[in-house]
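In: just a sequence and a predicted model for now, questions to come.
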Amino acid sequence: MKKWLSITLGIVTAIGGFLDAGTIATSGEAGAKFGLGLIWAILLATVMAILLVEMVGRFTAVSQKPYAAAIREELGFRFYLFPLISEIIAEGLLLTAELGGMAIALSLVTGLSWHILFPVAVVIVFLMAWRAPFDWIENGPAIFGMLMLAFLVGVFVMGGPSQETVQTLWKPVIKPGELADYFYLVAAILGATISPYLLYFYSSGTREEGWSGKSLLLNRITAFAGMGFGSLGSITIVIMSAIVLQPQNIQASTLGEIGLTLATPFGKIGSLIFACILFVTCLGAALECVLALSYNVAQGFGWPWGENKKPVEAAHFNLILVLFLVIALLINLIGIEPLQLALFASTIIALFLPLSLLPFLIIMNNRQYLGDKINKPWLNILVLLILLIAFVVSITAIPLELLSGGG
Amino acid sequence: MNANNDDIFSIADIIDSQLESSDRQNVGRVADIEAEWREDGTLVLCHLVTGPQALSGRIARPLRSLAQRLLHDRFEYSIPLSDVEKFGPTLRLRRKARDYPVGRSERWIAEHILRWIPGSGY
């Protein structure tokens, strides 16, 4: 029974991909501007995320090697540096953005400036990453993340989308001059959802949970349930945004505006629920970010790592974790808005996405690690397709960001 | 000529492999290898090398001499092949973590930095 509780690993992993500050913003904006016209992109991203998460989980469960370790062992130190450096830059920024998202959530409740609350967010993430066992890190955000279902309830309370809005599902209405915006959001949704850090995190999480070659069914279900939950959350934000914000011509350019989607059906309690959702998902994403980074470095260099160890028993790992939080504090001093930061980080991730995903083609076909659990040919074809999509996202991310004025 | 297949390793199998001490601690990865020509004309692998200089050499050769000028071999470490108990994706070594540089720097970080942060378990 306890074994099946580790399904929460999937949910907390999905929070980082689908429901962090950046993706809440992107989904809100997608619904406000294009109705349901971008849900296909979320569904596509969901399929890609399920496939990648299942593979990386299977790899680690069978070989007992986390993803970062496998990249270095299979492709060498020089190759490993590319995903490593892009992750350090992108996740440094993203971590700052998520901490900012937590601070904004706290400011929605307390009325204080989020700038003052930023260090509070850092302390909360530090305390959890420093001493909480891995169980807490997955269960806390995963259980409170269920609040996300408020968006689904909201859709029913509001009576669902209008006939006209439903049609945008397969026939998006793109006004003249908004085409670049539309494709920018497609790239942002795909790029931000299948960000590699969730793969580093999930892969390390399966080791923390002690999964083995016998856990493959659990892995498959966790990948489906977790990513499915994330996808549902993201899609219901789009729908609520299309129902509530689009008719009022609100662009959903701030997290506060997206909060209106819950305030409209539920009043004051809705605003509070939104603040809680924002806080919990950003907490989950911040933990995932800082741990993914520390896992990545420690595993790549072959140092001891793990959340179930005391900090002194994995000293390099915990030192890196503290350093990244300090760096996030410093980046925050520059004073860039968290949402801008999240979008910028997503662009960097998108740029290097093919390099971070390329190792899948190689490691998932290595019998030395996987025995007879290597990828079936059809899965390899799907990995190639994902790589192709990642490549297109990578080369179009910057031009589209410039054309659309950054969303 | 009847060498057992299990005993044949390519360099790629050894370079970048995880090193594990006898007390089951991760103690770094193989950054480079050292081999020597014997009189009978064979090339014999004799040491596994770890450390920042060897690693910088992996990125580009000139970086290695630059790193050497900066670090003066302080963090470089050669592990004799006789120290390796078991080969595979993880190389098991015969000595304890504290006998290897990564194990020592783990302790140094714990003793000098982490102990000042409450809850470090020091």
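Out: Structure received.
In: nearest spatial neighbour of residue 36, chain-adjacent residues omitted?
Out: Reading this off chain A. Nearest residue to residue A:36 in three dimensions, chain neighbours excluded: residue A:169, at 4.2 Å (Cβ to Cβ, 6 or more residues apart in numbering or on different chains). Bear in mind the C-beta positions are built from the backbone N, C-alpha and C, glycine included.
In: other chain: chain B
Out: In space, and not counting its chain neighbours, residue B:36 is closest to residue B:46: 5.5 Å by Cβ to Cβ, 6+ apart.
In: contacting residues around whichever helix or strand the one you found is part of?
Out: Using DSSP states H and E, residue B:46 sits in strand B:43-50. By Cβ atoms under 8 Å, 6 or more residues apart in numbering or on different chains, the list of residues contacting strand B:43-50 from outside reads B:14, B:19, B:28-38, B:76-81, B:84, B:91, B:100-102.
In: please pick the buried ones from those.
Out: B:14, B:19, B:28-33, B:76-79, B:81, B:84, B:91, B:100-102 (16 or more other Cβ atoms under 10 Å in any protein chain shown).
In: and chain A, which of the residues you listed contact it?
Out: Restricting the buried ones among the contacts of strand B:43-50 to those touching chain A (Cβ under 8 Å from any Cβ of the partner chain) yields B:19, B:28, B:29, B:31, B:102.
In: right, and the last one touches residue A:302 too?
Out: Yes - under the criterion of Cβ atoms under 8 Å, residue B:102 lies in contact with residue A:302, with a separation of 7.2 Å.
In: which neighbours do the two have in common?
Out: Contacts common to residue B:102 and residue A:302, judged by Cβ under 8 Å, 6+ apart, are B:19, B:26, B:27, B:28.
In: and the last one, which of the three is it?
Out: Meaning residue B:28. Secondary structure state of residue B:28, per DSSP: H, G, I helix; E, B strand; the rest coil, is strand.
In: what parts of chain B come near chain A?
Out: Applying Cβ under 8 Å from any Cβ, we find that chain B lies next to chain A at B:15-19, B:25-29, B:31, B:55, B:58-59, B:89, B:102, B:105-107, B:109-110, B:113-115, B:117, B:119-122.
In: can you select the buried ones from those in ChimeraX?
Out: In ChimeraX, a selection of the buried entries from these looks like this (16+ other Cβ under 10 Å):
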select /B:15,16,17,18,19,25,26,27,28,29,31,55,58,89,102,105,106,109,110,114,120
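In: out of the residues of chain B next to chain A, which sit inside helices?
Out: Those of the residues of chain B next to chain A mapping onto helices are B:55, B:58, B:59, B:102, B:105, B:106, B:107, B:109, B:110, per DSSP state H.
In: out of the residues you listed, what pair is the most spread apart?
Out: B:59 and B:110 (29.2 Å; Cβ to Cβ).
In: what average pLDDT does the helix or strand hosting residue A:186 get?
Out: Here residue A:186 sits within helix A:179-193, counting by DSSP H and E. For helix A:179-193, mean pLDDT rounds to 88.
In: chain center to it: distance?
Out: From the chain centre to the centre of helix A:179-193 is a distance of 15 Å (Cα atoms, centre = their mean, to the nearest Å).
In: which other helices and strands contact the next helix or strand after that helix?
Out: Helices and strands here follow DSSP H and E; after helix A:179-193, the next one along the chain is helix A:196-208. Contact here means 3 or more Cβ pairs under 8 Å, 6 or more residues apart in numbering or on different chains; DSSP states H and E; on that basis helix A:196-208 packs against helix A:8-18, helix A:39-63, helix A:67-110, helix A:134-144, helix A:255-301, helix A:338-357.
In: which residues of the stretch 251-400 of chain A lie near chain B?
Out: A:301-305, A:310-316, A:318-319, A:322, A:368-369.
In: need the buried ones from these selected in PyMOL.
Out: Filtering these down to the buried ones (16+ other Cβ under 10 Å) takes a single PyMOL command:
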select buried, chain A and resi 301+302+303+304+305+310+311+312+313+314+315+316+318+319+322+369
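In: so where is chain B shaky, pLDDT-wise?
Out: Low-confidence segments of chain B, defined by pLDDT under 70: B:1-9.
In: residue nearest the centroid of it?
Out: residue B:50 (3.7 Å; Cα atoms, centre = their mean).
In: so which of the residues of the stretch 251-400 of chain A next to chain B belong to strands?
Out: Secondary structure assignment (DSSP state E) places none of those within strands.
In: helices - which of the residues of the stretch 251-400 of chain A next to chain B land there?
Out: Using DSSP H, the subset of those located in helices is A:301, A:315, A:316, A:318, A:319, A:322, A:368, A:369.
In: of the residues you listed, which is the nearest to chain B?
Out: Each of these was scored against chain B by Cβ to the nearest Cβ, and residue A:315 proved nearest at 3.9 Å.
In: residues contacting the closest residue to that closest one other than its chain neighbours?
Out: Spatial nearest neighbour of residue A:315, chain neighbours left out: residue B:109 (3.9 Å); criterion: Cβ to Cβ, 6+ apart. Under the criterion of Cβ under 8 Å, 6+ apart, the neighbours of residue B:109 are A:315, A:316, A:319.
In: what's near enough to touch residue 92?
Out: No chain specified, so I'll use chain A. A:293, A:324, A:327, A:328, A:331.
In: look at chain B instead
Out: B:20, B:22, B:84, B:85, B:86.
In: neighbour-wise, which of these leads?
Out: Neighbour counts for those, by other Cβ atoms under 10 Å in any protein chain shown, peak at residue B:20, which reaches 20 neighbours.
In: quick one: that one and residue B:30 touch, right?
Out: No - using Cβ under 8 Å, residue B:20 makes no contact with residue B:30, being 11.6 Å away.
In: which residues do the two both contact?
Out: In contact with both residue B:20 and residue B:30: residue B:91, using Cβ under 8 Å, 6+ apart.
In: look up phi and psi at the closest residue to chain A within chain B.
Out: Scanning chain B for the residue nearest chain A gives residue B:121, at 2.9 Å (criterion: Cβ to the nearest Cβ). Per-residue torsions, residue B:121: phi 80, psi 10 (degrees, to the nearest 10).
In: now do residue B:95
Out: Per degrees, to the nearest 10, the backbone of residue B:95 is at phi -100, psi 170.
In: list the residues that contact it.
Out: B:21, B:22, B:83.
In: give me the three-state assignment for the second one.
Out: In three-state terms, and counting by three-state DSSP, residue B:22 is coil.
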